[in-house]
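Visitor: this one's sequence-less:
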């Protein structure tokens, strides 16, 4: 008996494996047809997204460029890839490692331009790789720039998947550059397949080997090269012996460091110093070297111009974007005392608070995702500064940064946006946000902010099925809002709605119904257009609760109301949810055809713009379609 059972199980598993390998139509194929390219022909080539124009002052590094060319090879060599079992990822890969400011990014940029000018690459893709948000944003923008079929401005995850599938299939010659890599895991998660070439820049000596790259160690310039570069940048011929000696002495003081040479040359050129006078100043009064002339701070455009002339910032005139090298940022922070550091932190928080979309009355931010994505990296960087500077001041005069009201409210809205987009960094940001709230002074501390954070932290585990973990935070949020807000405030309706969802998940349907009815009373008082989605959401939640209480007529009526309202507001996300629920009701009633139609409509809504390609709801829809296929005894499609 047991032998036969084992044989039957083995036979079934083998059959499942065979089905999985077949290229037969399935529900997954339906999803792929909606969100993936139909081929590699509908793109904009050649395509390059280099962050800056070619540097006319690039100097030297010919040996290093030759080594990069030898490793990455010609276009034909690149497309051959690496043989299996070599331990290397598909395609040729090289890592440029070296100290900050030594010129890693510039040599990568110069190599990229040579590849383009010589016609060796159809695509050169530049990815800012310092943070996961930067990587995601770059890959999204590349897909849009290439005009990949199905790419949408707001669809970050989907655009990345479209791009990677295209790179895997194409015969085009491509190079991808991961610049400023800090964490090899981030790159491994964003390393496409295919026969392209890969170039990595990093300050780490180990990241290259961790990624399976050949490593090129980039060192400072030799004394002779450093002197020649300095003279070239200053743009001045020297005839006097004492000037030649001073220039050589300055090059020696700067130790061949590319960024330092560039900045000192900019100051010498802008202020018309003689080398011997500047060298004396550099040795005796280093802080005065970067002292900004007072007259340039009167107008913001003059500030930008002055700092650019001094080599402290760089401006991309096409995008009007300002860039500040990380070493310049660190050096600038080092010169600040605690009061100055606090002032700049507070100003940055105020600026970001005014720019980042605010969550109004707990309503969905789906229509603001594009704008949120633009500023997300800046918010997360500011949050990291708040934590790091509290424990690791960069000089003895720096103490703890104090959170401001703007900073706390900024983190509240950012956290909800990250919840809606299912960011894997939400938990870390919430920890920082709660810490900031607790450390705010009494005048800046707003209990409603804490309630907002509790609500976000409560719905986060609820969506993952950790209902008891969510209960504590949601109940505390309700308590705060009841004590701080009027009885008909929209935020009170929001927390009642979320508590109702939690109670529904805990199978407490009577409690859930009461909570949703209370939420309905409050939300129906809000008649403005912006509150329409909240009212529709209540109807949808009442519909699924009535269904569990065996009141099908009430349930379908509520869901139909919800669908009409979501269609009016064009809310694709919740419209998909309503179809998912109606599909479930139909299937439980035995209407398999009706269930399939609703599930397919839900799939269409949730994938047509690609926003929720990685959202758990998509997995739910696909699973439900698999169940319907199983009901129809279409087992291959079900698998």
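Guide: Now that the structure is in, tell me what you want to look at. Keep in mind that what you see is a predicted model, and the values were worked out from it rather than measured.
Visitor: Okay, strands next: where are they in the chain?
Guide: 47-48, 92-97, 123-128, 174-181, 197-202, 214-217, 314-316, 321-323 (DSSP state E).
Visitor: hmm, who's touching the first one?
Guide: By that I understand strand 47-48. 112, 116, 121, 122, 123, 124, 125, 142, 145, 146 (CB atoms under 8 Å, 6 or more residues apart in numbering). To be clear about C-beta, it is placed using only N, CA and C from the backbone, and glycine gets the same treatment.
Visitor: Stretch 101-115 now?
Guide: 48, 50-52, 54-55, 58, 61, 64-65, 68-69, 96-98, 120-121, 124, 126, 175, 177, 179-180, 199, 201-203, 218-220, 257-260, 325, 327.
Visitor: mind redoing it with 6 Å?
Guide: 50, 54, 58, 61, 64-65, 68, 96, 98, 121, 124, 177, 179, 199, 201, 218, 220, 258-259, 327 (CB atoms under 6 Å, 6 or more residues apart in numbering).
Visitor: Of all the strands of the chain, which one is nearest residue 247?
Guide: Proximity to residue 247 (CB to CB) singles out strand 314-316 among the strands of the chain, at 24.3 Å.
Visitor: gap between the residue nearest the centre of the chain and residue 374?
Guide: Geometric centre of the chain, nearest residue: residue 133, 2.1 Å, by CA atoms, centre = their mean. Distance, residue 133 to residue 374, using CB to CB, to the nearest Å: 10 Å.
Visitor: Any idea which of the strands of the chain has the lowest pLDDT on average?
Guide: Among the strands of the chain, strand 314-316 has the lowest mean pLDDT, at a mean of 64.
Visitor: returning to what we had before: kindly reformat the strands of the chain as JSON lines and extend each row with mean neighbour count.
Guide: JSON lines is the format used below for those (neighbours: other CB atoms under 10 Å):
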{"stretch": "strand 47-48", "mean neighbour count": "18"}
{"stretch": "strand 92-97", "mean neighbour count": "24"}
{"stretch": "strand 123-128", "mean neighbour count": "22"}
{"stretch": "strand 174-181", "mean neighbour count": "24"}
{"stretch": "strand 197-202", "mean neighbour count": "26"}
{"stretch": "strand 214-217", "mean neighbour count": "17"}
{"stretch": "strand 314-316", "mean neighbour count": "14"}
{"stretch": "strand 321-323", "mean neighbour count": "11"}
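Visitor: Relative to residue 163, which of the ones you listed is closest?
Guide: strand 123-128 (8.5 Å).
Visitor: those helices in the stretch 351-500 of the chain, which residues are they?
Guide: Using DSSP state H, counting those that start in this stretch, the helices of the stretch 351-500 of the chain run over residues 369-391, 405-420, 426-439, 447-462, 467-484, 490-505.
Visitor: is it possible to export those to a markdown table including mean neighbour count and mean pLDDT?
Guide: A markdown table is the format used below for the helices of the stretch 351-500 of the chain (neighbours: other CB atoms under 10 Å; pLDDT from 0 to 100):
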| stretch | mean neighbour count | mean pLDDT |
| --- | --- | --- |
| helix 369-391 | 17 | 86 |
| helix 405-420 | 24 | 93 |
| helix 426-439 | 18 | 93 |
| helix 447-462 | 22 | 91 |
| helix 467-484 | 17 | 91 |
| helix 490-505 | 23 | 91 |
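Visitor: nearest to residue 378, of the contacts of strand 47-48?
Guide: Nearest to residue 378 among the contacts of strand 47-48, counting by CB to CB, is residue 142 at 20.6 Å.
Visitor: And the closest one, what's its pLDDT?
Guide: Residue 142 carries a pLDDT value of 90.
Visitor: residues near it, how many?
Guide: A total of 24 residues lie near residue 142 under the criterion other CB atoms under 10 Å.
Visitor: CSV please, covering the helices of the stretch 351-500 of the chain and showing distance to residue 592.
Guide: Formatted as CSV, these follow (distance: least, CB to CB, whole Å):
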stretch, distance to residue 592
helix 369-391, 35
helix 405-420, 33
helix 426-439, 38
helix 447-462, 30
helix 467-484, 30
helix 490-505, 25
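Visitor: Which of the contacts of stretch 101-115 fall within helices?
Guide: Cross-referencing the contacts of stretch 101-115 against helices under DSSP state H gives 64, 65, 68, 258, 259, 327.
Visitor: could you flag which of these are buried?
Guide: 64, 68, 258, 259, 327 (16 or more other CB atoms under 10 Å).
Visitor: if I look at the first one, how far off is residue 174?
Guide: Between residue 64 and residue 174 the distance is 22 Å, computed by CB to CB.
Visitor: picking that back up, any chance of the ones in helices among the contacts of stretch 101-115 in JSON lines, plus distance to residue 105?
Guide: Listed next are the ones in helices among the contacts of stretch 101-115 as JSON lines, based on distance: CB to CB, whole Å:
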{"residue": "64", "distance to residue 105": "13"}
{"residue": "65", "distance to residue 105": "14"}
{"residue": "68", "distance to residue 105": "13"}
{"residue": "258", "distance to residue 105": "10"}
{"residue": "259", "distance to residue 105": "10"}
{"residue": "327", "distance to residue 105": "12"}
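Visitor: Lowest-confidence member of those, which is it?
Guide: Within these, residue 327 has the lowest pLDDT, namely 67.
Visitor: Make sure residue 454 is actually in contact with residue 477.
Guide: Yes. Counting by CB atoms under 6 Å, residue 477 is a contact partner of residue 454 at 4.0 Å.
Visitor: Just the endpoints, please. Distance across stretch 477-490?
Guide: End-to-end distance of stretch 477-490: 14 Å, with CA to CA, to the nearest Å as the criterion.
Visitor: quick one: contacts of it?
Guide: Here stretch 477-490 makes contact (CB under 6 Å, 6+ apart) with 361, 447, 448, 451, 454, 455, 491, 492, 495, 522, 525, 526.
Visitor: Residue ranges of each domain in this structure, please.
Guide: 47-217, 223-291, 578-639 (automatic domain parsing).
Visitor: Export those domains to CSV and append columns for distance to residue 383.
Guide: Shown next, in CSV, are those (distance: least, CB to CB, whole Å):
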stretch, distance to residue 383
domain 47-217, 12
domain 223-291, 27
domain 578-639, 23
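Visitor: closest one to residue 353 among those?
Guide: Per CB to CB, nearest to residue 353 of those: domain 47-217, 18.2 Å.
Visitor: Test my guess that residue 142 contacts residue 125.
Guide: Yes. Shown here, residue 142 and residue 125 form a contact pair, counting by CB under 6 Å, at 5.5 Å.
Visitor: Out of the contacts of strand 47-48, which comes closest to residue 382?
Guide: Nearest to residue 382 among the contacts of strand 47-48: residue 142, at 26.1 Å, using CB to CB.
Visitor: Could I get the contacting residues of the closest one?
Guide: Contact partners of residue 142, counting by CB under 6 Å, 6+ apart, are 49, 125, 163.
Visitor: which one is residue 429 nearest to, not counting chain neighbours?
Guide: Once flanking residues are discounted, residue 429 sits nearest to residue 415: 5.5 Å by CB to CB, 6 or more residues apart in numbering.
Visitor: just residue 172 next, same as before
Guide: residue 122 (4.1 Å).
Visitor: And that neighbour, how far from residue 108?
Guide: 18 Å.
Visitor: Please apply the same query to residue 524.
Guide: Where residue 108 is concerned, residue 524 sits at a distance of 58 Å (CB to CB).
Visitor: Over to residue 417?
Guide: Separation of residue 417 from residue 108 (CB to CB) stands at 32 Å.
Visitor: do residue 630 as well
Guide: Computed as CB to CB, the residue 630 to residue 108 distance reads 52 Å.
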